[in-house]
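Chemist: need a structure here:
(one chain, ligands or ions: 1)
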Amino acid sequence: MIDRRTFIKAGTAASAMLSVNELLGSGGRRNSVDGPIVISTWDFGVAANRAAWAVLEKGGHALDAVEAGVRIAESDLNNHTVGKGGYPDRDGHVTLDACIMDDRGNCGAVAALEHIAHPVSVARKVMEETPHVMLVGGGALQFALERGFEKEDLLTPEAAAAWKKWLQQKKYQPVINIENRSFTTEKLPGNQYNHDTIGMLARDAAGRLSGACTTSGLAFKMHGRVGDSPIIGAGLYVDDEIGAATATGVGEEVIRTVGSFLVVELMRQGYSPEDACREAVNRIIRKKPETAKAIQVGFLALNKRGEYGAYALQSGFSYAVCNQNRQDLLVRGKSVF
Ligand code: SD4
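Modeler: Numbering: from 1, shown residues only. Below is the predicted model of the structure:
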């Protein structure tokens, strides 16, 4: 795990270490690097970025990079918020949500998918091999099996134990910053954390943008609940003319504000990635001020020039940055509260 001393304040030391070009415009600092870049949410983004970088440094497509990257988080059984090993819903089902989007506006998604360890790859198949954008539940599973994905039991003994412990109290409360290992001491039953979606954005050597987002959603959610992560425009959006954005945190508020689309549209208006993310966070606060104080939502954005930034409701949000200068940077995101 990354020691918190390796965190670098966005826009301060990071600029120096990365030889970042700081461009002032539309009232905000802009961090940018030439060449390929991949950024992703939370601490586990560092390992995921490395897998994406292996694709990018060989001149590969950003789409292949983000798929390879987030699959690392999906495979990590110690991670109880993405893929196999994810915490189940209140009825004991592990249901996964994911989406992927490329530079040409192609996108695919799956929601409430059970028994398949790599939902992002099923989402990519939906994108490439069907006329549709999203498949859900039993239909998504049927499609995955037809495409040769293996049917697995995704509920690990650790996740089952945490669920049983949770059932003793049955109190559902998303807790601020429970997502982030580096900044919180609060944990759920099973000594684990509530939710950590991985959202990843990449620009490849040819300048093409792509993104992916994958999660097991909020731990112990209602059966059938789908968050923002598989919803194009909410959990992820890519517009190759402008930039890309992704979200993490309590998905209901991200869906309400169509958060990732909003961030991209703000960048279209000239906002820096960080300013666009901050404005999207402020939109959540304006719509539901009381709710916003009690939850976490973080946005992460990358524009066509390779400038990146993030903003969250609460402190404690982190994101990982990987480019030709450095592959393991973890940045502490700025926040309103
Ligand atoms: C959801 N946005 O299902 C996801 C959860 C998440 O950090 O991002 N947690 O609402």
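
Chemist: Write out the residues of this protein neighbouring the ligand.
Modeler: 179, 195-197, 215, 217-218, 227-229, 248-251 (C-beta under 6 Å from any ligand atom). Just so you know, the C-beta spots here come from the backbone N, C-alpha and C atoms, and that holds for glycine as well.

Chemist: Residue nearest the middle of this structure, spatially speaking?
Modeler: For the chain, the residue lying nearest the average C-alpha position, counting by C-alpha atoms, centre = their mean, turns out to be residue 199 (1.9 Å).

Chemist: Pretty sure it sits in a strand.
Modeler: Yes - Residue 199 forms part of a strand when assessed by DSSP: H, G, I helix; E, B strand; the rest coil.

Chemist: In contact with it, which residues are there?
Modeler: 40-41, 211-213, 229, 235-236, 246-248, 300 (C-beta atoms under 8 Å, 6 or more residues apart in numbering).

Chemist: who's in contact with residue 78?
Modeler: Contacts of residue 78 by C-beta under 8 Å, 6+ apart are residue 85.

Chemist: could you measure it against the ligand, distance?
Modeler: Residue 78 sits 16 Å away from the ligand, taking C-beta to the nearest ligand atom, to the nearest Å as the criterion.

Chemist: Look up how far residue 334 lies from that residue.
Modeler: Distance of residue 78 to residue 334, given as C-beta to C-beta, to the nearest Å: 28 Å.

Chemist: Let's see which of the residues of the chain next to the ligand end up in strands.
Modeler: 215, 248-249 (DSSP state E).

Chemist: By pLDDT, rank those and give me the bottom one.
Modeler: Note: of these, the lowest pLDDT belongs to residue 249, at 93.

Chemist: who does that residue bridge with?
Modeler: Taking DSSP bridges, one finds residue 297 as the beta-bridge partners of residue 249.

Chemist: Tell me, how many residues neighbour residue 326?
Modeler: 14 (other C-beta atoms under 10 Å).

Chemist: how near is it to the ligand?
Modeler: 25 Å.

Chemist: Please name the bridge partners of residue 215.
Modeler: With DSSP bridges as the rule, residue 215 is bridged to residue 97.

Chemist: quick one: contacts for it?
Modeler: Neighbours of residue 215 in contact, by C-beta under 8 Å, 6+ apart: 81-82, 86, 96-98, 195-198, 227, 229, 235.

Chemist: so can I have JSON lines of the residues you listed showing pLDDT and distance to residue 316?
Modeler: Below are the contacts of residue 215 laid out as JSON lines (pLDDT from 0 to 100; distance: C-beta to C-beta, whole Å):
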{"residue": "81", "pLDDT": "89", "distance to residue 316": "15"}
{"residue": "82", "pLDDT": "91", "distance to residue 316": "18"}
{"residue": "86", "pLDDT": "92", "distance to residue 316": "21"}
{"residue": "96", "pLDDT": "97", "distance to residue 316": "24"}
{"residue": "97", "pLDDT": "98", "distance to residue 316": "23"}
{"residue": "98", "pLDDT": "98", "distance to residue 316": "24"}
{"residue": "195", "pLDDT": "47", "distance to residue 316": "13"}
{"residue": "196", "pLDDT": "75", "distance to residue 316": "12"}
{"residue": "197", "pLDDT": "91", "distance to residue 316": "15"}
{"residue": "198", "pLDDT": "96", "distance to residue 316": "16"}
{"residue": "227", "pLDDT": "96", "distance to residue 316": "19"}
{"residue": "229", "pLDDT": "98", "distance to residue 316": "19"}
{"residue": "235", "pLDDT": "98", "distance to residue 316": "19"}
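
Chemist: which pair in the residues you listed spans the largest distance?
Modeler: 86 and 235 (15.5 Å; C-beta to C-beta).

Chemist: give me the low-pLDDT residue ranges for the stretch 151-300 of the chain?
Modeler: The model of the stretch 151-300 of the chain has pLDDT under 70 over residues 171-195.

Chemist: same thing but at 90, please
Modeler: Residues of the stretch 151-300 of the chain that meet the criterion pLDDT under 90 lie in 162, 165-196, 218-220, 291, 294-295.

Chemist: residue boundaries of the strands in it?
Modeler: 198-203, 209-215, 236-239, 243-249, 297-303 (DSSP state E, counting those that start in this stretch).

Chemist: just checking, what packs against the fourth one?
Modeler: Spelled out, it's strand 243-249. Counting contacts by 3 or more C-beta pairs under 8 Å, 6 or more residues apart in numbering; DSSP states H and E, strand 243-249 packs against strand 198-203, strand 209-215, strand 236-239, helix 259-268, helix 273-287, strand 297-303.

Chemist: what does the last one give?
Modeler: Contacts defined by 3+ C-beta pairs under 8 Å, 6+ apart place strand 297-303 against strand 37-41, strand 198-203, strand 243-249, helix 259-268, helix 273-287, strand 307-312.

Chemist: so how far is the fifth one from its chain's centroid?
Modeler: It refers to helix 273-287. 17 Å (C-alpha atoms, centre = their mean, to the nearest Å).
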